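# kindly return the folded structure for what I paste below:
(one chain, ligands or ions: 1)
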Amino acid sequence: MQMNEPDALLRATRRIGPVILDLKNISLSFGGVKALTDISFDVRQHEIRAIIGPNGAGKSSMLNVINGVYRPQQGAIIHKGQQRKGMDCYGAAKSGIARTFQNIALFKGMTVLDNIMTGRNLKMKSNFLMQALYWGPARREEIAHRVKAEEIIDFLEIQAIRKTPVGRLPYGLQKRVELGRALAAEPEILLLDEPMAGMNVEEKQDMCRFILDVNDQFGTTIVLIEHDMGVVMDISDRVVVLDYGKKIGDGTPDEVRSNQDVINAYLGTH
Ligand SMILES: Nc1ncnc2c1ncn2[C@@H]1O[C@H](COP(=O)(O)OP(=O)(O)OP(=O)(O)O)[C@@H](O)[C@H]1O
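Numbering: from 1, shown residues only. I've put the predicted structure just below:
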């Protein structure tokens, strides 16, 4: 493939690495409904990879396959060179894959800080009894986790609301807190399910900036579903396009934009 100069430069400076997630011939059905049919694509380290497609195309199902919520009936998932066998979402999280959800899934009565702390659960080593007694090592561990949570709060510029119960925050800020909770797990791969849904223009701009900063500063690989085409084309390195559970396009934003199947099935109708 011939890359033009700015593309090549962009990729070189952003250090796109080798394939870390390879999805091969994935098929998934629910009873008679074929959600995904023979889908193959890969994700490279440090890449921002978008999955787009009309409603019901299979995008969320694909994310659920990646983070182990659904097990496909056919196909293979190769994560860092190892074929994944029978992994659930806990296993996926342990292997460095975190995600946010289409509908915010936060503890609404808890503060921003405490919600972000829940993202540290997988990293906690002390057992329940030690934590309950707040005993030596558990105390030191708690302090270290709080420091990490505060770092994320600073990074996302939400210091002013750190003690506010999440349910009282406007929607855009709740989405940012959800990103913070996912970041608290220090994921290698971050899955974002419509991170900008329901946001106004300014909130979208902020979220775009945070996604790019996470990718740049932490080196996190990002796979995102997003309906806003402007956003997708602006921030993604490569885009995979699904329609009725089938892959109809895959490539750089420019390649996808000029793909006639994509224009017919999706872009042309929006
Ligand atoms: N748990 C489930 N049980 C039965 N059918 C399902 C389930 N999850 C998804 N489906 C079906 O699989 C297909 C793909 O759905 P999916 O939610 O993955 O699409 P999507 O592209 O994310 O759509 P949207 O943009 O509306 O969120 C749809 O026909 C949907 O009805």
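
# residues contacting residue 178?
By C-beta atoms under 8 Å, 6 or more residues apart in numbering, the contact list for residue 178 reads 100-101, 104-106. Placement of C-beta: from N, CA and C, glycine included.

# what's the closest of those residues to the ligand?
residue 101 (11.0 Å; C-beta to the nearest ligand atom).

# chain neighbours aside, what residue packs nearest to that closest one?
Of all residues not flanking residue 101 in the chain, residue 193 sits nearest, at 5.5 Å (C-beta to C-beta, 6 or more residues apart in numbering).

# what separation do you get for the one you found and residue 210?
In this view, residue 193 and residue 210 are 16 Å apart by C-beta to C-beta, to the nearest Å.

# cool, and residue 104?
From residue 104 to residue 210 the distance is 16 Å (C-beta to C-beta).

# circling back to that earlier point, for the residue nearest to residue 101, report the pLDDT, please.
Residue 193 is assigned 94 on the pLDDT scale.

# nearest residue to the middle of this structure?
residue 191 (1.6 Å; C-alpha atoms, centre = their mean).

# secondary structure element for it, which one?
Here residue 191 sits within strand 189-193, counting by DSSP states H and E.

# and that strand, how far out from the chain's middle?
1 Å (C-alpha atoms, centre = their mean, to the nearest Å).

# now for that strand, which elements pack on it?
Secondary-structure packing of strand 189-193 (3 or more C-beta pairs under 8 Å, 6 or more residues apart in numbering; DSSP states H and E): helix 59-66, strand 97-100, helix 171-184, strand 221-225.

# export those as TSV, with columns for distance to the ligand and mean pLDDT.
Converted to TSV, those look like this (distance: least, C-beta to the nearest ligand atom, whole Å; pLDDT from 0 to 100):
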stretch	distance to the ligand	mean pLDDT
helix 59-66	3	95
strand 97-100	13	90
helix 171-184	16	93
strand 221-225	7	97
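
# what about residue 185, how many residues nearby?
Residues lying near residue 185 (other C-beta atoms under 10 Å) number 20.

# how about the contacts made by the closest residue to it other than its chain neighbours?
Once flanking residues are discounted, residue 185 sits nearest to residue 98: 4.5 Å by C-beta to C-beta, 6+ apart. The contact partners of residue 98, by C-beta under 8 Å, 6+ apart, come to 119, 182-183, 185, 187, 189-191.

# against residue 108, how distant is residue 257?
Using C-beta to C-beta, we find residue 257 at a distance of 39 Å from residue 108.

# circling back: which strand residues bridge the residue nearest to the centre of the chain?
Assessed by DSSP bridges, residue 191 has beta-bridge partners residue 99, residue 223.

# okay but it is in contact with residue 65, surely?
No: shown here, residue 191 and residue 65 do not form a contact pair, counting by C-beta atoms under 8 Å, at 10.5 Å.

# in the stretch 151-270 of the chain, where is pLDDT below threshold?
266-270 (pLDDT under 70).

# would you list every one of the helices in it?
Remark: helices assigned in the stretch 151-270 of the chain by DSSP state H, counting those that start in this stretch are 171-184, 201-217, 229-235, 253-257, 260-265.

# residues near residue 75, how many?
Using other C-beta under 10 Å as the criterion, residue 75 is surrounded by 17 other residues.

# what about the strands in this protein?
Remark: strands assigned in the chain by DSSP state E are 19-30, 33-44, 48-52, 74-79, 82-83, 97-100, 189-193, 221-225, 238-243, 246-251.

# output the ones you listed as TSV; include the columns distance to residue 150.
Output for those, formatted as TSV (distance: least, C-beta to C-beta, whole Å):
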stretch	distance to residue 150
strand 19-30	29
strand 33-44	30
strand 48-52	26
strand 74-79	31
strand 82-83	34
strand 97-100	19
strand 189-193	20
strand 221-225	23
strand 238-243	34
strand 246-251	40
